[in-house]
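# Sharing a model that was predicted from the sequence below.
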Amino acid sequence: MQESPLIGFSDGPIEKKKGTFYYTNKIGGTPDPIPGISDAYNQCAVCDGILGHVVQIYCPLAASPYHRTINVFACPNPQCSGKPESWKALRSQFLESEMKQPLALQDMNGLQVKQAAMSTTDWCDEADDWGMEAENNEPESRSQAHTETAQPVMDSLTAGLDVSNRLQGLCLNWPGDHGGAVPPTAVPTFQPFYISVVEEADLVGHDDLQHANKLLREYEEREGVAVGEIGTCEGEGAEKYEKAEAKHGDAVFSSFMKRISLCPEQVLRYSWSGSPLFIAEPPSNINQMVPTCAQCGSPRVFEFQLMPTLVSLLRSKDLSSELVLEFGTVLVYTCRDSCWTSGSNAPVKEFLFVQADPDQKLFK
């Protein structure tokens, strides 16, 4: 039986005075590099522009000693919209034992991903803490939505880092042949938001089903399609979608709408080595399209995807300028073995599959 996916949603803006770190799960802002990893600007392969930071996900594997963060970038240039070459996913890792002064993290069981026999629930023991912040050396809840405060976020963390090691890999130059420093104002920056998470299975309650089915009926009336009622998933009985044809002839999209109706505000779905939720019919050879890891040759597995509701949150941090990023869903596939070279100061590039939204107006 496949484990229940984890659902990420926006949990409020990040204030300027609040610091974020590589273990902060967030939308937008600027990436927080893992200690020793270079902080180079990323260039769009389509227009040569600078990519904006879309999300940062802290996701250490349960059976691994590595801290592990994935950052996703995209080009806000309208001409690059929908082109996978304008996206980039970078995975960074490090061992505390490699630091001259080990980090003062007290509890790293907050967000762990199942691996081999590990279950998703093992990863999600403290999943509500994706968006916790650091202040006064103690974890602090930012809203009533947080019922746990186990995320090990402390101001003393930065004091525990070896400054020279942190600055050693810092790079303010363009990658490739660009040698000049890039002015901070030239970097497209989206407004930052915290991400919190729940298990999808926890959303399937009586009240939730009533609300989900209400949304579903509204969608059926709007699209002229009948996709059936949503029921709970028990035992081996995974959710089964009825065959249906929407006005636009896309049954996959109808199934997508049915599934996300449990939590329409979701911006991210996480299911390490699980199954993605396609918004449109994928290519028949989708599995062959996902390349093996360029570093170790191991197969890549699906890890998480960005959802269309995220589009409405991706607005420029600079109110005097406009940034627009359109997509249906973005699937991120990573190395199954999460390979890493000891002492490396460069992140590993992973694979993304971008699908356009067949009906973007539904999420505006």
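In hand now; what should we look at?

# tell me the pLDDT at Glu322?
Per-residue pLDDT puts Glu322 at 86.

# Am I right that Leu97 sits in a helix?
Rather than Leu, residue 97 is Ser. Yes. Counting by DSSP: H, G, I helix; E, B strand; the rest coil, Ser97 falls inside a helix.

# In contact with it, which residues?
Pro65 (C-beta atoms under 8 Å, 6 or more residues apart in numbering). C-beta coordinates here come from the backbone N, C-alpha and C atoms, glycine included.

# And the pLDDT for it?
For Ser97, the predicted pLDDT is 84.

# Equivalent analysis for Lys16, please.
So Lys16 comes in at 86 (pLDDT).

# Could you do Val227 as well?
For Val227, the model assigns a pLDDT of 54.

# What of the one 10 residues further on?
Looking at Gly237, its pLDDT reads 38.

# what do you get for Lys258?
pLDDT, Lys258: 87.

# do the same with Lys243
The model's pLDDT for Lys243 equals 40.

# do the same with Ser254
86.

# tell me which element it is part of?
helix 251-260 (DSSP states H and E).

# Gln288 now?
helix 286-289.

# about what we covered before: beyond the helix holding Ser254, next helix or strand please.
strand 266-270.

# now the helices: where do they sit in the chain?
120-123, 156-159, 163-168, 206-223, 251-260, 286-289 (DSSP state H).

# which residues of the protein fall in strands?
With DSSP state E as the criterion, the chain has strands at 6-13, 26-27, 52-58, 67-74, 87-94, 133-135, 138-140, 193-199, 266-270, 300-306, 329-335, 348-355.

# Using CSV, please lay out these together with mean neighbour count and mean pLDDT.
Converted to CSV, the strands of the chain look like this (neighbours: other C-beta atoms under 10 Å; pLDDT from 0 to 100):
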stretch, mean neighbour count, mean pLDDT
strand 6-13, 21, 94
strand 26-27, 25, 98
strand 52-58, 24, 97
strand 67-74, 24, 97
strand 87-94, 23, 96
strand 133-135, 19, 42
strand 138-140, 15, 38
strand 193-199, 21, 94
strand 266-270, 24, 97
strand 300-306, 23, 98
strand 329-335, 23, 98
strand 348-355, 20, 97
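
# Tell me which residues are up against the helix holding Gln288.
Pro283, Phe353.

# Just the CA coordinates for it, please, in CSV.
Extracted in CSV, the C-alpha atoms of helix 286-289 (Å, rounded to 0.1, in the frame of the first residue of the first chain):
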residue,chain,number,x,y,z
ILE,A,286,7.4,9.3,-19.2
ASN,A,287,9.4,6.7,-17.3
GLN,A,288,12.0,6.6,-20.0
MET,A,289,12.1,10.4,-20.2
